[in-house]
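Chemist: Okay, sequence plus prediction incoming.
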Amino acid sequence: MELLSHFFSESFLTHFTASTTLEYSNIETKQGVLEIYLEENNNLPSSYDSSLYESKGFYPPKRIQDFPIRGKAVYLVIKRRRWR
């Protein structure tokens with residue numbers, strides 16, 4: 001996760017780190033494309049009442065294009081949780 005801190009803003013990592021919301025899952029390189037897979041953990045922010053929310057699986061993953069790194073296209077593949 002320390003490597004990703006060089007590429008993502010501090011505010012992103014405040015909300016999406018392995019210890020809070022998003023967990024690094026996998027990095028793949030295919031034919032000049034770098035894909036970073038991220039998966040949301042089953043943790044609610046402290047301001048939410050945990051008795052009112054329950055995780056119900058995941059939404060389909062979203063593939064978001066980011067800025068290139070060393071001439072390779074970068075995509076973030078993010079799986080977000082469904083909350084009820």
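Modeler: Happy to help now that I have it.
Chemist: Flag the helix or strand of the protein with the lowest per-element mean pLDDT.
Modeler: In the chain, the helix or strand scored least confidently by mean pLDDT, DSSP states H and E is helix 10-15, which has a mean of 64.
Chemist: Find the helix or strand that the residue nearest the centre of the chain is a member of.
Modeler: Geometric centre of the chain, nearest residue: L38, 3.5 Å, by C-alpha atoms, centre = their mean. L38 belongs to strand 33-40 when elements are defined using DSSP states H and E.
Chemist: and the very next helix or strand once past that strand, what does it pack onto?
Modeler: Scanning forward in sequence from strand 33-40 by DSSP H and E, the next helix or strand is strand 55-58. The helices and strands touching strand 55-58, judged by 3 or more C-beta pairs under 8 Å, 6 or more residues apart in numbering; DSSP states H and E, are strand 81-83. Just so you know, the C-beta spots here come from the backbone N, C-alpha and C atoms, and that holds for glycine as well.
Chemist: strands paired with the strand it packs on, and their directions?
Modeler: Looking at strand 81-83 with DSSP bridges, its partner strands are strand 55-58 (antiparallel).
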